[in-house]
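*Asks:* what's the 3D shape of this:
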Amino acid sequence: MVDGTSGTSAARRSWPLTIGLLVAAAASLAVSQLVWDPDGPNPLGLILMFLSGGLLVVATVCPWRLPKSFAKLALWSLVGIPVFAVLHNVFYGFGEMAKDLPVLPMIFEALHVVAFIVGIVLCPVGVVVGVVGCVTTWLFNRRT
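*Replies:* Numbering: from 1, shown residues only. This is a model prediction of the structure:
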């Protein structure tokens, strides 16, 4: 029970759900990029991007059945927000310092974008999914 599941049968039963959630996350992300407007605020694109992040996190944790696993997710996601904000700035700074080199700026550009997306989209969604999952699994396990 390292991953918080209540056994291998729960993990096997959740594969179709996991695949469905991953497909929905990819579709939501694709549509968010199609409706994205770089000239101004776009609430629909932001909602779809956060929905995609939420579906990705839920697809990862859907076989979990223990409140402790969800509490760890919430805690590490909360810690991840400032960590990835710092990493985003560090990678951006390294990219600016290495802009005269041929390949290094592109690598740092990719790293700072990934750190930004993880820190702004995935970590806050992980906190919400972790807290809601912890409370619901605790209530469900308390009743049974």
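*Asks:* buried sites along stretch 134-144?
*Replies:* Applying a neighbour-count criterion of 16 or more other CB atoms under 10 Å, the buried positions in stretch 134-144 are C134, T137. Just so you know, the C-beta spots here come from the backbone N, C-alpha and C atoms, and that holds for glycine as well.
*Asks:* Next secondary structure after whatever helix or strand I81 lives in?
*Replies:* Assignment of secondary structure by DSSP states H and E places I81 within helix 67-97. Downstream of helix 67-97, the next assigned helix or strand under DSSP H and E is helix 104-117.
*Asks:* what's the angle between that next one and helix 67-97?
*Replies:* Following axes from the mean of the first three to the mean of the last three CA atoms, to 10 degrees, one obtains 150 degrees for the angle between helix 104-117 and helix 67-97.
*Asks:* mind listing what's buried in helix 104-117?
*Replies:* So for helix 104-117, counting by 16+ other CB under 10 Å, buried means P105, F108, E109, L111, H112, A115, F116.
*Asks:* Which of the residues you listed scores worst on pLDDT?
*Replies:* Comparing pLDDT over the buried residues of helix 104-117 singles out P105 as the least confident position, at 90.
*Asks:* Now do it against V79, distance only.
*Replies:* With distances taken as CB to CB, to the nearest Å, P105 is found 29 Å from V79.
*Asks:* separation between the residue nearest the centre of the chain and R143?
*Replies:* Centroid-nearest residue in the chain: L122, 2.8 Å away (criterion: CA atoms, centre = their mean). Summarising the geometry, the distance separating L122 from R143, computed by CB to CB, is 31 Å.
*Asks:* low-confidence ranges in the protein?
*Replies:* Under the criterion of pLDDT under 70, the regions of the chain flagged as low confidence span 1-13, 144.
*Asks:* Export stretch 14-23 to PDB, keeping only CA atoms.
*Replies:* Listed in PDB are the C-alpha atoms of stretch 14-23, where the atom choice follows Å, rounded to 0.1, in the frame of the first residue of the first chain:
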ATOM      1  CA  SER A  14      -9.100   2.300 -12.400                       C
ATOM      2  CA  TRP A  15      -7.200   2.000 -15.700                       C
ATOM      3  CA  PRO A  16     -10.100   2.800 -18.000                       C
ATOM      4  CA  LEU A  17     -11.000   5.800 -15.900                       C
ATOM      5  CA  THR A  18      -7.400   7.000 -15.800                       C
ATOM      6  CA  ILE A  19      -7.100   6.700 -19.600                       C
ATOM      7  CA  GLY A  20     -10.400   8.500 -20.100                       C
ATOM      8  CA  LEU A  21      -9.300  11.300 -17.700                       C
ATOM      9  CA  LEU A  22      -5.900  11.700 -19.500                       C
ATOM     10  CA  VAL A  23      -7.700  11.900 -22.900                       C
END
